[in-house]
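Visitor: got a predicted structure plus its sequence, pasted below:
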Amino acid sequence: MIGARVEHKDEFFIAGFRQTVKQGAGIGELWKKLTDHAQKRGVTMPEVHSMGVIVGMNAAGEFDYMAGILVENLETAQALGLNALKVDGGDFAVTTVQGAVPMSTMAGVDHLMGTFLPQAGFKANGPVFEAYGPGDPSSQDFQMQVWVPVKPA
């Protein structure tokens with residue numbers, strides 16, 4: 001982890017594909033589907049900000065996952081033929097992680113949920129967001145951020 005903090009983020013929109021996955025299986029295929037779909041519509045992935053969204057988890061280890069890109073509005077998502085997610089502005093706990101995905105992402109989520117939020121007097125108030133930076137997500141040098149919307153505990 002490279003620090004953790006709470007910061008305000010304005011409303012934003014994510015466009016992508018969403019499906020239920022079990023213990024992370026199928027996430028790579030979902031990103032490939034998004035990349036192929038975007039390229040067919042003239043969007044090159046290195047030029048956009050990629051975002052993953054992790055929503056809930058049930059007792060069977062299943063959760064909803066969205067592989068997406070930041071877009072200007074819901075209309076842009078629709079024009080690209082993608083599912084849209086509007087995220088309300090508010091306070092988010094943010095940590096920067098380094099290392100290969102998904103292990104670095106899981107470490108960031110564990111740190112925010114298990115250590116930072118309780119110590120800072122906050123609790124999670126929505127899904128976990130993965131904010132991908134440029135580079136190779138399988139590299140030990142890869143850096144990205146994990147965001148969690150928060151409210152006072």
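Guide: All right, it came through fine. Numbers count the residues shown, from 1 in each chain.

Visitor: so, low pLDDT: which residues of the protein?
Guide: For the chain, applying pLDDT under 70 flags the ranges 1.

Visitor: tell me which residues of the lengthiest helix in it are tucked away?
Guide: In terms of residue count, the longest helix belonging to the chain (DSSP state H) is helix 27-40. For helix 27-40, the neighbour count (16 or more other Cβ atoms under 10 Å) marks 27, 30, 31, 34, 35, 38 as buried. Yep, even glycine has a C-beta here, placed from its N, CA and C like the rest.

Visitor: show me what it is packed against.
Guide: Contact here means 3 or more Cβ pairs under 8 Å, 6 or more residues apart in numbering; DSSP states H and E; on that basis helix 27-40 packs against strand 12-22, strand 62-71.

Visitor: can I get the ones you listed in a markdown table including mean neighbour count and distance to residue 82?
Guide: Converted to a markdown table, the helices and strands packed on helix 27-40 look like this (neighbours: other Cβ atoms under 10 Å; distance: least, Cβ to Cβ, whole Å):
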| stretch | mean neighbour count | distance to residue 82 |
| --- | --- | --- |
| strand 12-22 | 18 | 4 |
| strand 62-71 | 21 | 7 |
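
Visitor: residue 138 is nearest to which of these?
Guide: Closest of these to residue 138 is strand 62-71, at 15.8 Å (criterion: Cβ to Cβ).

Visitor: what sits against residue 75?
Guide: By Cβ atoms under 8 Å, 6 or more residues apart in numbering, the contact set of residue 75 is empty.

Visitor: dihedrals phi and psi, it?
Guide: Dihedral pair for residue 75: phi -60, psi -40, per degrees, to the nearest 10.

Visitor: tell me where this protein has helices.
Guide: Assigned helices in the chain, in chain order: 27-40, 74-79, 103-111, 117-120 (criterion: DSSP H).
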